[in-house]
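Engineer: with the sequence up front, the predicted model follows.
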Amino acid sequence: AQKVTQAQTEISVVEKEDVTLDCVYETRDTTYYLFWYKQPPSGELVFLIRRNSFDEQNEISGRYSWNFQKSTSSFNFTITASQVVDSAVYFCALSGGGADGLTFGKGTHLIIQP
Amino acid sequence: SQTIHQWPATLVQPVGSPLSLECTVEGTSNPNLYWYRQAAGRGLQLLFYSVGIGQISSEVPQNLSASRPQDRQFILSSKKLLLSDSGFYLCAWSVRVRETQYFGPGTRLLVL
């Protein structure tokens, strides 16, 4: 069975600090996708990034960056110079394993204090 | 561009009453459709998914059911709600199975 673990239940930092959200996954598939979603207080899940299991290149998009390491089964998400608008719950998710939906972690509640 | 709608946005229902939540997608054809539930303090749990009209797969046995009467319409139903059905229900669509899913605004259901 597949599993996604987000060990950090809640993180609180002061604005402009860098913060890293951890994600560790388990799967027996050799081909899979990893995702990060953002859930602001309004509740809607916003897609941030998708990573193919064959592509271990790190990716940077503005203040966001993602570090995918197959050797440690991790797909961590870093926000540089955090802003109050980054406050949200962030979910890591995994596809594959014979299921047609996504397997989600329990989420990390990120609080950015002004 | 594609958009996904859900209604109602909020619902308060008594135990034992029926339920009907609706999800529609615009701007795409033959999407894969999904219903998830997010209970307080927990992650998202996949309830149902559909790869076409009339084709429904259930992930978790419970007193909920789903139907897909039209290509871009997905309905979540119950004949008798339980207290444990309270939660945030999210509908999502994707172009292909196991690829990026795009979520609707959700329905907050409170069963009293």
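Structural biologist: Ah, there it is. Since the model is a prediction, treat every value here as computed from it, not as a measurement. Numbering: from 1, shown residues only, chains lettered A, B, ... in the order given.
Engineer: can you mark which positions in the helix or strand bottoming out on mean pLDDT in chain A are buried?
Structural biologist: Within chain A, confidence by mean pLDDT, DSSP states H and E is lowest for strand A:99-104 among all helices and strands, at a mean of 81. By neighbour count on 16 or more other Cβ atoms under 10 Å in any protein chain shown, the buried set for strand A:99-104 is A:99, A:100, A:101, A:102, A:103, A:104. Using the backbone N, CA and C atoms, a C-beta is placed for each residue, glycine as well.
Engineer: with respect to chain B, which of those residues is nearest?
Structural biologist: When the buried residues of strand A:99-104 are compared for distance to chain B (Cβ to the nearest Cβ), residue A:101 wins out at 3.5 Å.
Engineer: out of everything not next to it in sequence, what's closest to that closest one?
Structural biologist: The shortest distance from residue A:101 to any non-neighbouring residue, by Cβ to Cβ, 6 or more residues apart in numbering or on different chains, is to residue B:46 (3.5 Å).
Engineer: what bridges to the one you found?
Structural biologist: When bridges are called by DSSP bridges, residue B:46 pairs up with residue B:36.
Engineer: next up, the contacts around the residue nearest to residue A:10 when sequence neighbours are not counted.
Structural biologist: Leaving aside its chain neighbours, residue A:10 sits nearest to residue A:109 (4.4 Å; criterion: Cβ to Cβ, 6+ apart). Contact analysis of residue A:109 by Cβ atoms under 8 Å, 6 or more residues apart in numbering or on different chains lists A:9, A:10, A:11, A:88, A:89.
Engineer: roughly how far is stretch B:15-30 from the heart of the chain?
Structural biologist: Computed by Cα atoms, centre = their mean, to the nearest Å, the chain-centroid distance of stretch B:15-30 equals 6 Å.
Engineer: that stretch and chain A in contact?
Structural biologist: No: shown here: stretch B:15-30 not in contact with chain A (Cβ under 8 Å from any Cβ of the partner chain), separated by at least 12.9 Å.
Engineer: may I see the buried residues of that stretch?
Structural biologist: Buried positions in stretch B:15-30, judged by neighbour count with 16+ other Cβ under 10 Å: B:19, B:21, B:23, B:24, B:25, B:28.
Engineer: next, give phi and psi for the fourth one.
Structural biologist: In this case it means residue B:24. In terms of degrees, to the nearest 10, the main-chain angles of residue B:24 are phi -130, psi 150.
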